[in-house]
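# Make a model of this:
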Amino acid sequence: MPFMDLIKKAIFEDEPVAQQSAKPPASPEVTRPHDMPPPYVAMGARDNQFYTRLAKQTDLSAIPELAKIEAFAAPLASVITDKSMRYKAALATAQAQSGLTKDAVLKGFDALQNVLNSSANTFNKQTDEVSGTEVDAKIAQISELNEAIQQKQKEIADLQQQVKSMQSQAEVSRSKLQEAKSNFAAALERRRAEILQQRKEFETIFG
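Next comes the predicted model:
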């Protein structure tokens, strides 16, 4: 599997699951008010699969208390345009009907932060495992190859030294051979001259 796919898998699988949403009162439908600002999206994050996944994991509907306040606030969107007033009214209604409190709503956001922390821990753990199986393995292979290269370079250096030594020996042998040829030629001419001289002496003797 390609390296980046392994990294993506580290967060896309075994994702932390927020606590199950408790069903809000039956009448209001959980919809996001029209004037609510969109979730904060950092520059370039729209194409970031990690961000998309994290946003999905931490949707407000994943937390019962946040789902409740949204459910109570949604029907008021067309009646109370001011967001602050609308959510205060929604909280008052939710508190009267289901006992929802401001602290419970705020703790709901703490729960979302915990989901993010859990996702971060899972991601870091699994990317460390990927590093151990992929990156470290490649580094080990590189180290082995470098050692093999060094060994081959040493072998090449040894062979080159042998070649130089043999070349030196060949030069010595060539020099000795040339010297032997020269000595032989000198001895040959000397002996040839001696034999010719002896022949002349015998010619003189025999008249």
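# contacts and neighbour counts: CA atoms only from here.
Will do.
# helices or strands up against whatever helix or strand residue 120 lives in?
Counting by DSSP states H and E, the element that carries residue 120 is helix 102-130. When contacts are defined as 3 or more Cα pairs under 8 Å, 6 or more residues apart in numbering; DSSP states H and E, helix 102-130 packs onto helix 3-12, helix 49-57, helix 64-73.
# The same query, at a cut-off of 6 Å, please.
Contact analysis of helix 102-130 by 3 or more Cα pairs under 6 Å, 6 or more residues apart in numbering; DSSP states H and E lists helix 3-12 as its packing neighbours.
# Okay, angle between the helix or strand following the helix holding residue 120 and helix 102-130 too, please.
Tracing the chain C-terminally past helix 102-130 and defining elements by DSSP H and E, one meets helix 136-206 next. Our comparison of helix 136-206 with helix 102-130, counting by axes from the mean of the first three to the mean of the last three Cα atoms, to 10 degrees, yields an angle of 20 degrees.
# where does this protein have low pLDDT?
Segments of the chain classed as low confidence (criterion: pLDDT under 70) are 1-47.
# If we use 50, what do you get?
Low-confidence segments of the chain, defined by pLDDT under 50: 3, 14, 16-17, 19-38, 43, 45-46.
# any idea how far residue 162 lies from residue 169?
From residue 162 across to residue 169, the span is 10 Å (Cα to Cα, to the nearest Å).
# coming back round to it: tell me how far the helix holding residue 120 lies from the chain's centre.
24 Å (Cα atoms, centre = their mean, to the nearest Å).
# Now that helix: buried residues?
Within helix 102-130, the residues that qualify as buried by neighbour count (16 or more other Cα atoms under 10 Å) are 105, 108-109, 111-112, 115-116, 118-120, 122-123, 126-127, 129-130.
# got the angle for it vs helix 64-73?
Going by the same axes, to 10 degrees, helix 102-130 is angled at 130 degrees with respect to helix 64-73.
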